[in-house]
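K.L.:
Take this sequence and fold it.
(chains A, B, C and D)
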2 protein chains.
Amino acid sequence: MQIVDEILKIKNVKNTAVRTVVLHHLLNQEKAQSLKDIENALVNTDRSSIFRTLKTFEDNKVIHSIEDGSGMTKYAVCAEGCNCEPKDLHYHFYCNNCNKTFCLFDVPLQNIKLPKNFKIQQANMVIKGLCNNCNE
Amino acid sequence: MQIVDEILKIKNVKNTAVRTVVLHHLLNQEKAQSLKDIENALVNTDRSSIFRTLKTFEDNKVIHSIEDGSGMTKYAVCAEGCNCEPKDLHYHFYCNNCNKTFCLFDVPLQNIKLPKNFKIQQANMVIKGLCNNCNE
DNA sequence: TAATCTTTGCAATCGAGTTGCGTTCCAAGA
DNA sequence: TCTTGGAACGCAACTCGATTGCAAAGATTA
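P.N.:
Modelled structure (predicted):
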């Protein structure tokens, strides 16, 4: 739990009961979590409280959200030092079979050459296919 | 209208009244369209008919869908010869200001090196920022 | 023409996300 | 310690894009 405290302190987010359990849960997942995933895991915590907690975390760069095309926004803890700027972006991998969403921190994002006068602010890169567990 | 007929014929999709107007509309747009966009443009065509038409088009690779994070799935006509396979993928650009979604056909997709045993099937690449009209 | 399958339009439903509001909690100041 | 104001919480209701059930209309085949 001291990691949770530490992260919240660094990101300047006040620690509360809900925030603690939500962040603790997120830290213990290998795959990005949807609101429903978290709701199911934390049975006695209210959905809207979790929702507002996720918003707070996102606003304060504790976590980042991923639109993986599953219809549910997924959330994952930002890597240390991440400010969710273009340089901090990474690919996500969505498994079409087990529906898990992974952060691919090790796959570098190419330097994208946009058309003239287009300006990048964020990006949402999702590769879909089969993960190592589901690929035969 | 003969382009519409031609595309549907090539993609093996039976031509109907709704399909004609939907595809014709999509062909005349510079930006990807949401179901609502199409609904608003084709006032006397039913939403569910448009919806089912889009599904049919997508199943038959007439169009592809884009999850741009706006909460609404967008649709755009596939380029000639597109089979919506990884090699046919392209980046999309979502303008945070005017909310338009563009297909960036000219920006090549890098060859992504996935972790061992991961297999790519599709991808949804969305870059967000300001388009040329909105970038000052 | 009759039988059958497909497409369409309408209405209802689903579900993720979001919000309003009253209550509870907490921290700062009196 | 008590008071007070703001933040967080829990509950219920609501929004809105997506989807489906069903019957009518249209197209296709025998």
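K.L.:
Stretch A:116-133 near chain B at all?
P.N.:
Yes - remark: stretch A:116-133 sits within contact range of chain B at A:116-132, by CB under 8 Å from any CB of the partner chain. Quick note: C-beta positions are derived from backbone N, CA and C, even for glycine.
K.L.:
Which other helices and strands does the helix ranked longest in chain A contact?
P.N.:
In chain A, taking DSSP state H as the definition, the longest helix is helix A:47-59. Counting contacts by 3 or more CB pairs under 8 Å, 6 or more residues apart in numbering or on different chains; DSSP states H and E, helix A:47-59 packs against helix A:17-27, helix A:35-41, strand A:63-67, strand A:73-77.
K.L.:
contacts for the first one?
P.N.:
Yep, that's helix A:17-27 we're talking about. A:1, A:3-4, A:7-8, A:13, A:33, A:38, A:41-42, A:45, A:49-50, A:53-54, A:56-57, A:62-63, A:75-77 (CB atoms under 8 Å, 6 or more residues apart in numbering or on different chains).
K.L.:
Can you give me the buried ones in that helix?
P.N.:
Residues of helix A:17-27 classed as buried: A:19, A:21, A:22, A:23, A:25, A:26 (neighbour count, 16 or more other CB atoms under 10 Å in any protein chain shown).
K.L.:
From chain B, how far off is residue A:99?
P.N.:
Between residue A:99 and chain B the distance is 13 Å, computed by CB to the nearest CB, to the nearest Å.
K.L.:
That residue contacts residue A:70, doesn't it?
P.N.:
Yes - using CB atoms under 8 Å, residue A:99 is in contact with residue A:70, at 6.4 Å.
K.L.:
Same drill for those two, tell me which one is more crowded.
P.N.:
residue A:70 (17 against 14; other CB atoms under 10 Å in any protein chain shown).
K.L.:
Lovely, talk soon.
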